[in-house]
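1. what shape does this take:
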Amino acid sequence: MEENIYLNPLEDRIIGVVENEIYFKPEHRDYIIVTTENEYLKLVKEYINSKRDFCKRYNHFCGVFGEFTAKKYKRAKEDFKLNEPFDVEDDGINDGLEMRAVPYPVYLVYEFEMDCDMEHG
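-> Residues are numbered from 1 along each chain as shown. From the prediction side, this is the model:
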């Protein structure tokens, strides 16, 4: 079963860069995306063009969200463990936060649809 994989190049968190690969953790989704720097830069350019179009079309600063859908991708064999903060009872030592290694599925994205799903806002 194919899953819809989305990336917002200007809002989703870059968690690491290894050589030419950029690792993202989308803010509201439970997976990791890995794509190339070239593919990422194409998305940023298209995001800017989409924002420009919305500003011109509605005659004011406009356009929100702005996700791209993965077109060609595969799931990696192994999950990626990312340290995430969790609220816990403050015992005077941990200040109410604890870090835990959370496993996330990893998607290797080779190509995105060059249609930015941006909404008027």
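
2. for stretch 39-48, list the C-alpha coordinates in CSV.
-> Only the C-alpha atoms of stretch 39-48 are listed here, as CSV (Å, rounded to 0.1, in the frame of the first residue of the first chain):
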residue,chain,number,x,y,z
GLU,A,39,15.6,18.1,-5.2
TYR,A,40,15.2,20.3,-2.1
LEU,A,41,16.4,23.4,-3.9
LYS,A,42,13.9,22.7,-6.7
LEU,A,43,11.2,22.6,-4.1
VAL,A,44,12.3,25.9,-2.5
LYS,A,45,12.3,27.6,-5.9
GLU,A,46,8.8,26.2,-6.7
TYR,A,47,7.6,27.3,-3.3
ILE,A,48,8.8,30.8,-3.9
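
3. partners of T69 in the sheet?
-> T69 has these beta-bridge partners by DSSP bridges: Y6.

4. wait, it touches E113, no?
-> Yes - with contacts counted by CB atoms under 8 Å, T69 reaches E113, the gap being 4.7 Å. C-beta here means a position set from N, CA and C on the backbone, and glycine is covered the same way.

5. low pLDDT regions in this structure?
-> The chain contains residues with pLDDT under 70 at 1-2, 121.

6. show me where it has helices.
-> 37-58 (DSSP state H).

7. residue most distant from the centroid, it?
-> Within the chain, G92 marks the point farthest from the mean C-alpha position, 34.7 Å out by CA atoms, centre = their mean.
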